[in-house]
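*Asks:* please work out how this folds:
(one chain, ligands or ions: 2)
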Amino acid sequence: MNIQTLKEASDCLLNLAKPETQAIEHILLQDAFERILAEDITAKIPVPSFAKSAYDGYALRQADTAAASPEHPVTLDVTEVIPAGSVPTYPITEGKAARIMTGAPVPEGADAIIMHERTSFTENTVTLTAPVTSANIIPPGEDVAAETLLVPKGKILTASDLALIAGQGIAEIGVYKKLSIGLISTGSELLNTGSPLEYGKIYNTNPYLLGGYIQKHHMTANYLNTVSDDLDSLCRAVLDALKTNDVVITTGGVSAGDFDYMPEVIRRIGGDLLFHRLKFKPGGAMLGAFKDGKVILGLSGNPGAAATGLLCVGFPFMRKLSGRSDITFSQTTAYLGVDFKKSSPVTRILKGHSDFKNGMLYFTPLSNQHNGSVSSMSDCDLLAIIPAGSKPLAAGDKLEVYIL
Ligand SMILES: Nc1nc2c(c(=O)[nH]1)N[C@H]1C(S)=C(S)[C@@H](COP(=O)(O)OP(=O)(O)OC[C@H]3O[C@@H](n4cnc5c(N)ncnc54)[C@H](O)[C@@H]3O)O[C@H]1N2
Ligand code: MOO
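*Replies:* Numbering: from 1, shown residues only. Ligands and ions are numbered 1, 2, ... in the order given. Just a heads-up that it's a prediction; the model follows:
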């Protein structure tokens, strides 16, 4: 085990993520919003599949109206009324027109639609006082051409993706089964919410912080019981969680304290310790392990550190495992909003929020960067990774940032 950096740990986990082994379920389109598509969806039919009218009006031949003027109006015979959803009966020949509704198929021979407000008409005739020069016909395939790749495998389905798929008449699609992430909070100091506060104890906040990010990633957060710092109980809890979850995440017990048992838990349950104590802050105290084909992430107990460990090391792996094709957070360049006076001997994950000034993206570091505080993640929508060995940073410096 010689994995020390954030990138090495992230790459190590990525190698273990085999999305092709994830179960696929076929679900109704209406249940598929924000699920991850497990198949390419290609258009089998063009949309629309026939030439259709853009307006309620008359279908006619432009040539028949070329001489129309207020002084010399042109009157055409109306052969039929074509509602949307029906099939025209007669072709449009010289001197003929058909009354047509928006969305109805354009009859053969017609090359234009005129809105009825621009005409005068009776039941059997339509009269024009100007030539018709716009077609107002929606051609087949204008919206979607046949054989177009509509939505690629691995995409999180948006509203417009679902509508495009529905436009093909498809009722059910294959999506990856949602990953179940088991969350175990370890620590004898932890109290569950709803119980009275006791001196020296704290409420268990980590599952809410991590579980929120997990749900935002379209995975199921499985909130498991808290476990006190007791080796047997910890081993049992991790083994149980492995049976029913795709990934198990623990918090606490990875540092140097007398009761920081997580590395020993991994050894006792026969897991492979992939890495422990990485060179970044906050969150580097974490460990990664592999057991029964599944990954266990032992994150720091400190909330601010657990969050950065999950975001930077855990999520690329979990996103890949969930079937997503975009496995890393979107990256961009931002300008540092204010001076950041500390140097960074090891890789530093700086929490910040975005501001726009004069159309430019600015990264403002949060005033609270403490690894121990839950509030250090409030309003955090950007993370900057400051390379090891960086000197203090000045306002206006360019930073590579991840958009959360
Ligand atoms: N001698 C050393 N001490 C520490 C080191 C070190 O290198 N040498 N590293 C420090 C760093 S950095 C971190 S981060 C923490 C990591 O500690 P653990 O992961 O072992 O976590 P705990 O000690 O169990 O807890 C740390 C802190 O977080 C609170 N906590 C734990 N679980 C929760 C929870 N579910 N919800 C809310 N808060 C939680 C816990 O009470 C502690 O205050 O170690 C440093 N020490
Ligand atoms: O490892 Mo601590 O997790 O550096 O903040």
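
*Asks:* OK, contacts around the residue of the stretch 251-400 of the chain at minimum distance from ligand 1?
*Replies:* Nearest residue of the stretch 251-400 of the chain to ligand 1: residue 301, at 2.4 Å (CB to the nearest ligand atom). The way it works is simple: take the backbone N, C-alpha and C, and place the C-beta from them, glycine included. Applying CB atoms under 8 Å, 6 or more residues apart in numbering, we find residue 301 in contact with 186, 187, 206, 251, 252, 253, 254, 255.

*Asks:* one more time with 10 Å, if that's ok
*Replies:* Contacts for residue 301 (CB atoms under 10 Å, 6 or more residues apart in numbering) come out as 185-187, 189-190, 202, 206, 250-255, 257, 260, 262, 285, 371-372.

*Asks:* so it versus residue 157, what's the distance?
*Replies:* 36 Å (CB to CB, to the nearest Å).

*Asks:* repeat for residue 404
*Replies:* 21 Å.

*Asks:* of those two, who's got more company?
*Replies:* In this view residue 404 and residue 157 are compared by other CB atoms under 10 Å, and residue 157 has more residues nearby, 21 against 18.

*Asks:* assess the claim that the more buried one and residue 29 are in contact.
*Replies:* Yes: counting by CB atoms under 10 Å, residue 157 does reach residue 29; the two are 8.9 Å apart.

*Asks:* intersection of neighbour lists for the two?
*Replies:* By CB under 10 Å, 6+ apart, the residues touching both residue 157 and residue 29 are 165, 173.

*Asks:* where do the strands sit along the stretch 201-350 of the chain?
*Replies:* 202-203, 220-223, 247-251, 272-276, 280-281, 287-291, 294-299, 330-336, 347-357 (DSSP state E, counting those that start in this stretch).

*Asks:* and the most centrally placed residue in the chain, what does it touch?
*Replies:* The centre of the chain sits closest to residue 156, judged by CA atoms, centre = their mean, with a distance of 4.7 Å. By CB under 10 Å, 6+ apart, the contact set of residue 156 is 33-37, 175, 217-218, 319, 322-326.

*Asks:* repeat that with 7 Å
*Replies:* 34, 36, 218, 324 (CB atoms under 7 Å, 6 or more residues apart in numbering).

*Asks:* could the strands of the stretch 201-350 of the chain go into TSV alongside mean pLDDT, distance to residue 110 and mean neighbour count?
*Replies:* Output for these, formatted as TSV (pLDDT from 0 to 100; distance: least, CB to CB, whole Å; neighbours: other CB atoms under 10 Å):
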stretch	mean pLDDT	distance to residue 110	mean neighbour count
strand 202-203	97	72	13
strand 220-223	98	55	18
strand 247-251	98	60	29
strand 272-276	98	69	18
strand 280-281	96	68	22
strand 287-291	98	67	22
strand 294-299	98	63	26
strand 330-336	97	48	15
strand 347-357	96	51	18
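
*Asks:* want to throw those strands into TSV with distance to residue 66?
*Replies:* TSV is the format used below for the strands of the stretch 201-350 of the chain (distance: least, CB to CB, whole Å):
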stretch	distance to residue 66
strand 202-203	81
strand 220-223	66
strand 247-251	71
strand 272-276	78
strand 280-281	75
strand 287-291	76
strand 294-299	73
strand 330-336	55
strand 347-357	54
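
*Asks:* out of those, nearest to residue 102?
*Replies:* strand 330-336 (39.7 Å; CB to CB).

*Asks:* CA atoms of that closest one as CSV?
*Replies:* Extracted C-alpha coordinates of strand 330-336, given in CSV (Å, rounded to 0.1, in the frame of the first residue of the first chain):
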residue,chain,number,x,y,z
SER,A,330,-17.4,20.2,-13.4
GLN,A,331,-14.2,22.2,-13.2
THR,A,332,-13.6,25.8,-14.1
THR,A,333,-11.3,28.6,-13.4
ALA,A,334,-12.2,31.3,-10.9
TYR,A,335,-10.5,34.3,-9.5
LEU,A,336,-9.8,34.4,-5.8
